[in-house]
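Undergrad: model the structure of this input:
(chains A and B)
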There are 2 protein chains.
Amino acid sequence: MVKHLDKKLNDLQKLFDLDFKNKNLLIRALTHSSYAYENNTLSNERLEFIGDAVLDLAVGRYLYDHIPESEGILTKKRAQEVCEDALVDYAKSFDLGQYLFLGKGEELSQGRSKPGILADAFEAFIGAIYIDRGIDETYKVLNKIVFPHVKKDLNKDDDDYKSKLQELVQSDKRTLKYEIVSEKGPAHDREFISRVYLDDYIIMGEGKGKTKKEAEQKAAFSALKKLAETDKEL
Amino acid sequence: MVKHLDKKLNDLQKLFDLDFKNKNLLIRALTHSSYAYENNTLSNERLEFIGDAVLDLAVGRYLYDHIPESEGILTKKRAQEVCEDALVDYAKSFDLGQYLFLGKGEELSQGRSKPGILADAFEAFIGAIYIDRGIDETYKVLNKIVFPHVKKDLNKDDDDYKSKLQELVQSDKRTLKYEIVSEKGPAHDREFISRVYLDDYIIMGEGKGKTKKEAEQKAAFSALKKLAETDKEL
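TA: Now for the predicted structure:
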């Protein structure tokens, strides 16, 4: 029984190349309150509290680094990536359910696949790694499980920044112009720099890319980022 | 003018022994949207989004480490420590207002002492340090400004853990007993270990202290922590 438990915990750690100093923290992360109650031990609820905050910060930072949107949009997009549905996806992606310690009642009523239980356990798992191994090790799980999911969602969004920027310009009064201001490097590794101007002379943004199109998208992205942060209208 | 700005930024950094790699991030943290709008630059709103998450995690972790309460109480106590009133206290403690860049209208209407502006700027300041210098440097500010405030509030709470534990025991049916199970070290540096038993034989918790009283309080604390996490009644 104990050997079986050790094997399970080791399997779980191996998935993410983790090595807990305090194995009890890992066990606690997997312990639903129903099991804790029946066995007079600690549940994963306090670790869930920590994991929730770790996810908010890490996903927030990821979005901050990757999209130019305003605080309001960042908040909205983060909520989508750490809502119960998303947490359940993360938990299911490595079958977290099979590792959980559940009370008898939950075991009988399919607790291992209940969304609430899985979502909480995923947060607690992240909280335990953060407390036992620190933030860098936590990123091992985030990089494998969470960020690919976030990235996919961002790609699904309309990421045509040139069109987005154009929409903001009152086209009857103002014009946007893109210019390639620099082009260098060998043919197989060319680098373009594009600048986007408003009314021919106001530099709105600049972007670098391996193609003209990519450089222009990046320039539009940088202009949108600036606009988002100043709340200006064009 | 520029020299004056440099001096101000250096003064602010010196307060917390900080040295920003990217001074623009610090400037941005201090830039209210009203100034950003008037001067076509970036406001502190996206940094505020990051700082908010940093504070949630850091204060959450502090509470997790220092009090034995359940997730619900941790959440409630954290909310008190990062609410607008608390953030304004943090900002005022080092006169953050004087460093802000405000638009003309805000300048004229006492923007420097508006709670909303100060609270947001404090979060943005934390966000900028986190992004530019990392979490360890962020703790320089938290250790000086935030955690002493949290600690003071925790001390204000009823921290008589023995009484709290006693309240949970149905005293007509069950008994609590404290026992000093170890006592060692020289007179000036004595260490006591106390154990608290339920009904004379169930070990509820154990605590270490420099006095018997402290050891017993710690034992009660550890029992409460366990109870909070299992949701058990006595």
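
Undergrad: okay, and the spatially closest residue to residue A:36 that is not a sequence neighbour sits in which element?
TA: Among residues not flanking residue A:36 along the chain, residue A:43 sits closest, at 3.7 Å (CB to CB, 6 or more residues apart in numbering or on different chains). (C-beta placed from N, C-alpha, C; glycine too.) Per DSSP states H and E: residue A:43 is located in neither a helix nor a strand.

Undergrad: looks like residue A:43 contacts residue A:29 (just checking).
TA: No - Residue A:43 lies out of contact with residue A:29 (CB atoms under 8 Å); the separation is 9.8 Å.

Undergrad: higher neighbour count, these two?
TA: residue A:29 (31 against 25; other CB atoms under 10 Å in any protein chain shown).

Undergrad: neighbours of the residue nearest to the more buried one when sequence neighbours are not counted, how many?
TA: Leaving out its chain neighbours, the residue that sits closest to residue A:29 by CB to CB, 6+ apart is residue A:128, at 3.7 Å. If you count neighbours by other CB under 10 Å, residue A:128 ends up with 26.

Undergrad: what sits against residue A:128?
TA: Residues near residue A:128 by CB atoms under 8 Å, 6 or more residues apart in numbering or on different chains: A:20, A:25-26, A:28-29, A:44, A:47, A:51.

Undergrad: for chain B, see how far away it is.
TA: As defined by CB to the nearest CB, to the nearest Å, residue A:128 lies at a distance of 12 Å from chain B.

Undergrad: pLDDT at that residue, what is it?
TA: Predicted confidence (pLDDT) at residue A:128: the value is 98.

Undergrad: could you do residue A:230 as well?
TA: 65.

Undergrad: go on, residue A:158?
TA: For residue A:158, pLDDT reads 50.

Undergrad: please, where are all the strands along chain A?
TA: For chain A, applying DSSP state E gives strands covering A:176-184, A:191-198, A:202-209.

Undergrad: make JSON lines from those and add mean pLDDT, distance to residue B:174 and mean neighbour count to it.
TA: Shown next, in JSON lines, are the strands of chain A (pLDDT from 0 to 100; distance: least, CB to CB, whole Å; neighbours: other CB atoms under 10 Å in any protein chain shown):
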{"stretch": "strand A:176-184", "mean pLDDT": "91", "distance to residue B:174": "76", "mean neighbour count": "14"}
{"stretch": "strand A:191-198", "mean pLDDT": "92", "distance to residue B:174": "74", "mean neighbour count": "20"}
{"stretch": "strand A:202-209", "mean pLDDT": "90", "distance to residue B:174": "70", "mean neighbour count": "17"}
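
Undergrad: so which of those strands comes closest to residue A:11?
TA: Nearest to residue A:11 among the strands of chain A is strand A:202-209; the distance by CB to CB comes to 43.0 Å.

Undergrad: quick revisit: just the contacts of residue A:128 now: which is nearest residue B:34?
TA: residue A:51 (37.3 Å).

Undergrad: would you map the helices across chain A?
TA: A:2-15, A:23-29, A:33-39, A:45-66, A:71-81, A:84-93, A:104-108, A:115-133, A:135-141, A:147-156, A:161-168, A:212-230 (DSSP state H).

Undergrad: can I see the domain layout of chain A?
TA: A:2-156, A:161-230 (automatic domain parsing).

Undergrad: hey, least reliable of those by pLDDT?
TA: With a mean of 85, domain A:161-230 has the lowest mean pLDDT of the domains of chain A.

Undergrad: to residue B:107, which of the strands of chain A lies closest?
TA: Ranking the strands of chain A by proximity to residue B:107 (CB to CB) places strand A:202-209 first, at 25.9 Å.

Undergrad: does the closest one reach chain B?
TA: No - against chain B, strand A:202-209 shows no contacts by CB under 8 Å from any CB of the partner chain, the least distance being 8.9 Å.

Undergrad: on contacts alone, who are the packing partners of that strand?
TA: Packing partners of strand A:202-209 (3 or more CB pairs under 8 Å, 6 or more residues apart in numbering or on different chains; DSSP states H and E): strand A:191-198, helix A:212-230.

Undergrad: got the ones you listed as a markdown table, with distance to chain B columns?
TA: Converted to a markdown table, the helices and strands packed on strand A:202-209 look like this (distance: least, CB to the nearest CB, whole Å):
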| stretch | distance to chain B |
| --- | --- |
| strand A:191-198 | 11 |
| helix A:212-230 | 4 |
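
Undergrad: export those to JSON lines and tack on distance to residue B:66?
TA: Output for the helices and strands packed on strand A:202-209, formatted as JSON lines (distance: least, CB to CB, whole Å):
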{"stretch": "strand A:191-198", "distance to residue B:66": "51"}
{"stretch": "helix A:212-230", "distance to residue B:66": "37"}
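
Undergrad: now for those, which one comes closest to residue A:108?
TA: Closest among those, using CB to CB: helix A:212-230, at 50.9 Å.

Undergrad: near chain B, which residues of chain A?
TA: Applying CB under 8 Å from any CB, we find that chain A lies next to chain B at A:33, A:36-37, A:40-43, A:45-46, A:48-50, A:53-54, A:56-57, A:60-61, A:64, A:70-71, A:74-75, A:131, A:135, A:226, A:228-232.

Undergrad: ok, now with 6 Å
TA: A:33, A:36-37, A:42-43, A:45-46, A:49-50, A:53, A:56-57, A:60, A:64, A:71, A:74, A:229-230 (CB under 6 Å from any CB of the partner chain).
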